[in-house]
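Engineer: Build me a structure from this.
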Amino acid sequence: MKWKTILCCFFLCFTWDENVASPRIFKSIAELKNVADSFCYPRHGCKLLYFAAHKIFEKNLHLYKNVDPRRGDYGFHSFKNHEKILPDPSSGYFSMGNLNSKGSSQLDPYVMHDFYQITDPRRNMDRLIVSLSRDSELSRMFLTAHHLKKNTFDPDQTIEIAPKLIQEIQEIHDLLQYLTELGYKFGDGEIDCIIRNFSGRPKRTAVNLETKCNLYTEVKLDIKSTEKGYAKITWEGIPDKILNTIAYIGLYKNADSENALVKVNSPVPKSGASPTTIPLNPGLQLRLVKYDTVNGINRHTPFLNGSEFDEANRVLPTEIKGYSASLQLYTKDGYACARLYIEKSFTGWKKEFGASWVGFYTSNQDNFDKHKQRELCTKFTLILNKEEDYAIDYDIYEYQSKLSIGPGVQARFMLNDDKGSEKARTVSWEAP
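Structural biologist: Okay, the predicted model is just below:
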């Protein structure tokens, strides 16, 4: 009977959970092309993949040094894999791609574009999921999707992305070329540089690809800051062919708002800027609005919607050298604010940072003692994190200064009052 016991142990040791999925692995763009339609317009999986290849991972497949999924960068959240759509990893998973989630406004505009132009529910169903090694190297990557009618993920729409595929995408430095190689169906209107008709839906008429893309890529709507922390409406590249149809450029509180806070009325030049008295706040959105006539009735219809303004101007936190902490400059109500991310494992930070302070400066050239305002780190306010899967490894502390946000403003972390104790310096606000 001894051999039976050994045989039984053998089978027990090599059994597996039949409920755990084994997604198909894609190793090249040529292979991915076979399923690209499933993750392209109106969905955003293809663009998430391109973004990850160029903004999250270096060519050696390690995270860029300023990127930390545990901190919630780019909207990363902890992914628990409750539905067992993926193999259980040793280091846990992180998910990104929910364009409604905190941090998603840090994504590049091309990722967010369709989300603000159309109402198709498929525009926000894709997710990118990664697991990392202890030294922040990519271990595994997956693309998956939500069921449209369920709050679950679809194992039939889950694929694994091989590291060599990411590296192949990294060699392509043009989004349009990347989409073309995936076999994007530009001819029938399935493209993220959409021309909308007056009904607010994509046109299906035959339009030259170059013309369509140029019409979108030429137009740029952007929210900048005045010297006093107010929103400044900027635009450029409105094609001559539609200038006469523009009713106004409107600034809205957020993407859900129906009434403009302020308008730049027609006639508008091809490019320009207009300061406002609206305090700079996260969520602000610009819309290019056209004249429209239906059944003899005149009305205004949004033609192009900009992305919602990101509180940190899409700049990630800066590492505080030598410590498990980072510093971020952001704005609220038009004022310069600072945020400290402190790893929960850094339990003695208040003692270590007992004499540390954050200073606000109006220029990168200012001497360390020329700050406009400063505050001790231990006096920052702890922010209650209400999302159980967001930045779970960090405690977050914030401080709002009385300095207006504006071009050139930056925050610096000083370990003490010594001139040489600077440990972090944020990117200057609106730095080129």
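Engineer: how close does Lys253 sit to Val35?
Structural biologist: 39 Å (CB to CB, to the nearest Å). Heads up, the C-betas are built off the backbone N, CA and C, glycines and all.
Engineer: Please apply the same query to Leu165.
Structural biologist: Taken as CB to CB, the span from Leu165 to Val35 is 12 Å.
Engineer: Just want to know which of the two has more residues nearby.
Structural biologist: Neighbour comparison, Leu165 and Val35: the larger count goes to Leu165, with 21 against 16 (by other CB atoms under 10 Å).
Engineer: May I have the distance across stretch 274-285, first residue to last?
Structural biologist: The first and final residues of stretch 274-285 sit 14 Å from each other (CA to CA, to the nearest Å).
Engineer: Buried residues, it. List them.
Structural biologist: Under the neighbour-count criterion of 16 or more other CB atoms under 10 Å, stretch 274-285 has 275-276, 278-281, 284-285 buried.
Engineer: Show me which of those residues is closest to Val111.
Structural biologist: Within these, distances to Val111 taken as CB to CB reach their minimum at Gln285, with 15.9 Å.
Engineer: So Ser421 versus Trp357, what's the distance?
Structural biologist: According to CB to CB, Ser421 stands 10 Å off from Trp357.
Engineer: Between these two, tell me which one has more neighbours.
Structural biologist: When Ser421 and Trp357 are compared on other CB under 10 Å, the one with more neighbours turns out to be Trp357, at 19 against 14.
Engineer: who does that one bridge with?
Structural biologist: Note on Trp357: beta-bridge partners Leu376, Met414, judged by DSSP bridges.
Engineer: just to revisit the earlier point, joint contacts of Ser421 and Trp357?
Structural biologist: Taking CB atoms under 8 Å, 6 or more residues apart in numbering as the contact definition, Ser421 and Trp357 share the neighbouring residues Met414.
Engineer: Ser78 sits in which helix or strand?
Structural biologist: Ser78 is located in strand 77-79, with elements delineated by DSSP states H and E.
Engineer: residues in contact with that strand?
Structural biologist: For strand 77-79, the surrounding residues in contact (CB under 8 Å, 6+ apart) are 92-96, 98, 101, 129, 387, 389-390, 392.
Engineer: Which of those residues fall in strands?
Structural biologist: Secondary structure from DSSP state E places 93-96, 129 of the contacts of strand 77-79 in strands.
Engineer: So for the residue nearest the centre of the chain, what's the pLDDT?
Structural biologist: With the centre of the chain defined as its mean C-alpha position, the nearest residue by CA atoms, centre = their mean is Leu107, 2.1 Å away. Taken from the predicted model, the pLDDT recorded for Leu107 is 96.
Engineer: any weak-confidence spans in the stretch 151-300 of the chain?
Structural biologist: Low-confidence regions of the stretch 151-300 of the chain, defined by pLDDT under 70, span residues 185-218.
Engineer: Now with 90, please.
Structural biologist: By pLDDT under 90, the weakly predicted segments of the stretch 151-300 of the chain are 151-154, 175-176, 179-180, 182-219, 237-245, 291-300.
Engineer: Just the helices from the stretch 201-350 of the chain, written as ranges.
Structural biologist: With DSSP state H, counting those that start in this stretch as the definition, the stretch 201-350 of the chain shows helices at residue ranges 209-218, 240-243, 349-352.
Engineer: cool, the stretch 51-200 of the chain as well?
Structural biologist: According to DSSP H, counting those that start in this stretch, the helices that the stretch 51-200 of the chain contains are 109-117, 163-170, 175-181.
Engineer: which residues in the stretch 201-350 of the chain form strands?
Structural biologist: Secondary structure of the stretch 201-350 of the chain by DSSP state E, counting those that start in this stretch: the strands cover 220-225, 230-236, 246-252, 262-265, 272-279, 285-294, 297-305, 318-319, 325-332, 335-343.
Engineer: partner strands of the fifth one, parallel or antiparallel?
Structural biologist: Applying DSSP bridges, strand 272-279 is found paired with strand 230-236 (antiparallel).
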